[in-house]
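[1] pasting the structure only:
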């Protein structure tokens with residue numbers, strides 16, 4: 001992959017001047033722009049405190065993964081039923097986002113994030129005290145729904161605070177916190193579960209959440225009150241109308257839907273692929289999947305250099321090619337160290353492509369960023385949920401190698417198509 005070395009500049013997403021060729025037009029902004037961006041130092045501090053909220057919520061999202069057997073034993077429920085606690089968190093997380101995103105636009109994004117963190121921690125506390133499976137299930141549903149108001153709204157806040165030329169780096173810092181939370185969530189829960197039991201997992205994460213909530217209440221009060229409350233039903237239609245008035249919205253949302261299918265849809269089959277290659281250990285399957293998150297961390301650390309050298313449309317192509325190469329390696333059913341390296345490469349490629357699309361999504365509407373990012377996340381998770389079904393059908397009908405190869409072609413196509421349809425004429429260097 002060779003990018004022209006003399007193309008070292010950032011695109012101006014609101015330029016309104018499309019490149020020659022089949023490039024989607026930019027809808028002129030009819031709404032007034034947000035107030036001027038805050039001082040960069042203050043913006044970084046605010047993002048750091050919001051990232052603490054994202055980190056703790058990511059811990060909460062992975063809390064039940066390693067403690068399903070002791071929960072099943074303690075409350076005398078079938079382990080297969082207890083495994084549904086993961087779905088109980090993930091499904092409401094996705095479904096509530098189209099509601100909480102516009103609410104953030106209307107009542108204040110930081111206010112919504114703080115409120116959602118408080119509800120999430122109350123649900124975690126209830127989980128720790130649960131004496132039966134019904135209470136535990138309801139608590140995880142509430143926690144998932146509340147967490148749905150944190151991740152996409154957090155990225156929308158970054159869109160409000162950071163100029164577009166610096167936004168991909170800022171989103172990278174946010175992703176570092178969230179990915180680290182996902183990486184540590186399962187391992188931390190496993191260690192705590194072994195030391196003090198499964199209830200201790202919920203209590204410890206609740207304690208960390210209360211700490212993050214205290215920091216947020218004390219240090220983010222001014223930011224939370226900056227937006228006056230203007231909640232109304234018409235605000236939902238107005239926000240979504242503003243987003244879909246931009247023709248790029250359909251491209252962004254379709255792209256992340258396909259990403260969710262071809263990348264995250266593969267994860268439930270990793271253990272089976274490794275078993276077919278002669279590796280039966282579940283711990284190795286977990287390590288291979290963790291390689292994907294490691295790739296995300298590598299991206300987050302490298303993103304300042306990436307955006308300094310290449311434009312977002314070039315990074316879309318590069319990320320798509322890297323992800324396709326990684327999936328191609330996975331299709332050969334090789335030894336687990338090779339698969340670990342392939343999933344690390346997949347994580348690097350995915351986050352390079354996905355975050356570049358995210359930057360465009362934050363510019364779909366300057367006055368409805370919460371709605372835009374919630375839809376962005378919603379379509380991604382719908383793809384995530386659909387992926388295992390499509391992969392399973394493909395494995396049965398076509399075999400694993402052919403199915404994964406098709407996925408590789410699809411993710412590479414996403415990179416090239418988004419690069420073509422989402423780019424604009426770059427602003428010339430001064």
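    Okay, I see it. Because the structure is predicted, anything quoted here is derived from the model rather than measured.

[2] ok, now which ones touch the residue lying closest to residue 287 once chain neighbours are set aside?
    Distances taken as Cβ to Cβ, 6 or more residues apart in numbering put residue 340 closest to residue 287, at 6.3 Å, once the chain neighbours are dropped. For glycine as for every other residue, the C-beta is placed from the backbone atoms N, C-alpha and C. Going by Cβ atoms under 8 Å, 6 or more residues apart in numbering, residue 340 touches 287, 288, 291.

[3] try 10 Å
    Shown in contact with residue 340 (Cβ atoms under 10 Å, 6 or more residues apart in numbering): 284, 287, 288, 289, 290, 291, 292, 294.

[4] among the residues you listed, who's most crowded?
    The residue in the contacts of residue 340 with the most neighbours, by other Cβ atoms under 10 Å, is residue 292 (27 neighbours).

[5] Please tell me how far that residue sits from residue 206.
    28 Å (Cβ to Cβ, to the nearest Å).

[6] follow-up on the earlier one: next one: the residue nearest to residue 287 from residue 285, what distance?
    Computed as Cβ to Cβ, the residue 340 to residue 285 distance reads 10 Å.

[7] What of residue 115?
    Counting by Cβ to Cβ, the gap from residue 115 to residue 285 is 37 Å.

[8] Mind listing what's buried along stretch 179-191?
    Neighbour-count burial for stretch 179-191, counted by 16 or more other Cβ atoms under 10 Å, picks out 179, 180, 181, 182, 183, 184, 185, 186, 188, 189.

[9] So the second one sits against residue 296, correct?
    Yes - contact criterion Cβ atoms under 10 Å: residue 180 and residue 296 qualify, at 9.3 Å.

[10] if we can go back for a sec, I'd like the buried residues of stretch 179-191 laid out as a markdown table, including distance to residue 104.
    Below are those laid out as a markdown table (distance: Cβ to Cβ, whole Å):
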| residue | distance to residue 104 |
| --- | --- |
| 179 | 22 |
| 180 | 24 |
| 181 | 21 |
| 182 | 22 |
| 183 | 27 |
| 184 | 27 |
| 185 | 24 |
| 186 | 29 |
| 188 | 29 |
| 189 | 29 |
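
[11] thinking again about what came up before, secondary structure element holding the residue nearest to residue 287?
    In this structure, residue 340 is located in helix 336-361 according to DSSP states H and E.

[12] The helix or strand that that helix is followed by to helix 336-361, inter-axis angle?
    Downstream of helix 336-361, the first helix or strand assigned by DSSP H and E is helix 369-397. Computed by axes from the mean of the first three to the mean of the last three Cα atoms, to 10 degrees, the angle separating helix 369-397 from helix 336-361 equals 140 degrees.

[13] List the buried residues of the very next helix or strand once past helix 369-397.
    Next along the chain after helix 369-397, taking DSSP H and E as the criterion, comes helix 400-422. Buried positions in helix 400-422, judged by neighbour count with 16+ other Cβ under 10 Å: 400, 403-408, 410-412, 414-415, 417-422.

[14] so who does residue 389 touch?
    When contacts are counted by Cβ under 10 Å, 6+ apart, residue 389 touches 261, 265.

[15] Retrieve the pLDDT associated with it.
    Among the per-residue scores, residue 389 shows a pLDDT of 86.

[16] so where's the longest helix in the protein?
    Counting by DSSP state H, the longest helix found in the chain is helix 164-196.

[17] now the angle between helix 336-361 and that one, please.
    Interaxial angle, helix 164-196 versus helix 336-361 (the same axes, to 10 degrees): 130 degrees.

[18] Contacts for whichever strand or helix holds residue 273, please.
    Per DSSP H and E, residue 273 falls inside helix 270-276. Under the criterion Cβ under 10 Å, 6+ apart, residues 266, 269, 279-282, 284-286, 288-289, 291-292, 330-331, 333-336, 339, 343, 395, 400, 404 lie in contact with helix 270-276.

[19] which residues touch residue 236?
    Neighbours of residue 236 in contact, by Cβ under 10 Å, 6+ apart: 98, 99, 101, 102, 103, 105, 106, 368, 371.

[20] now swap in residue 187 and tell me
    So residue 187 contacts 62, 65, 66, 286, 290 (Cβ under 10 Å, 6+ apart).

[21] which of the residues you listed lies closest to residue 318?
    Here the nearest of the contacts of residue 187 to residue 318, counting by Cβ to Cβ, is residue 290; it sits at 23.4 Å.

[22] Checking the closest one next. Helix, strand or coil?
    Residue 290 falls in the helix class when you classify it by DSSP: H, G, I helix; E, B strand; the rest coil.

[23] Can you tell me how far it is from residue 65?
    According to Cβ to Cβ, residue 290 and residue 65 sit 12 Å apart.

[24] any common contacting residues for these two?
    In contact with both residue 290 and residue 65: 186, 187, using Cβ under 10 Å, 6+ apart.

[25] following the lowest-mean-pLDDT helix or strand in the chain, which helix or strand shows up next?
    Each helix and strand of the chain was given a mean pLDDT (mean pLDDT, DSSP states H and E); the minimum falls on helix 221-225 at a mean of 59. Proceeding N to C from helix 221-225, the next assigned helix or strand is helix 233-244, under DSSP H and E.

[26] Of all the residues in that next one, which ones are buried?
    Quick answer for helix 233-244 (16+ other Cβ under 10 Å): 235, 236, 238, 239, 240, 242, 243, 244.

[27] do the same with stretch 159-166
    159, 160, 161, 162, 164, 166.

[28] now do stretch 196-211
    Result for stretch 196-211 [16+ other Cβ under 10 Å]: buried residues 198, 199, 200, 201, 202, 203, 204, 205, 206, 208, 209, 210.

[29] And these, which is closest to residue 139?
    The nearest member of those to residue 139, counting by Cβ to Cβ, is residue 202 at 8.7 Å.

[30] give the contact list for the closest residue in space to the closest one that isn't next to it in sequence.
    Nearest residue to residue 202, sequence neighbours excluded (Cβ to Cβ, 6+ apart): residue 128, at 3.4 Å. By Cβ under 10 Å, 6+ apart, the residues touching residue 128 are 63, 136, 139, 197-206.

[31] So which of those belong to helices?
    136, 139, 198, 199, 200, 201, 202, 203, 204, 205, 206.

[32] With distance to residue 316 and pLDDT as added columns, please give the buried residues of stretch 196-211 in a markdown table.
    Formatted as a markdown table, the buried residues of stretch 196-211 follow (distance: Cβ to Cβ, whole Å; pLDDT from 0 to 100):
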| residue | distance to residue 316 | pLDDT |
| --- | --- | --- |
| 198 | 42 | 90 |
| 199 | 45 | 93 |
| 200 | 44 | 92 |
| 201 | 39 | 90 |
| 202 | 40 | 93 |
| 203 | 43 | 95 |
| 204 | 40 | 93 |
| 205 | 36 | 93 |
| 206 | 40 | 94 |
| 208 | 36 | 93 |
| 209 | 35 | 92 |
| 210 | 40 | 94 |
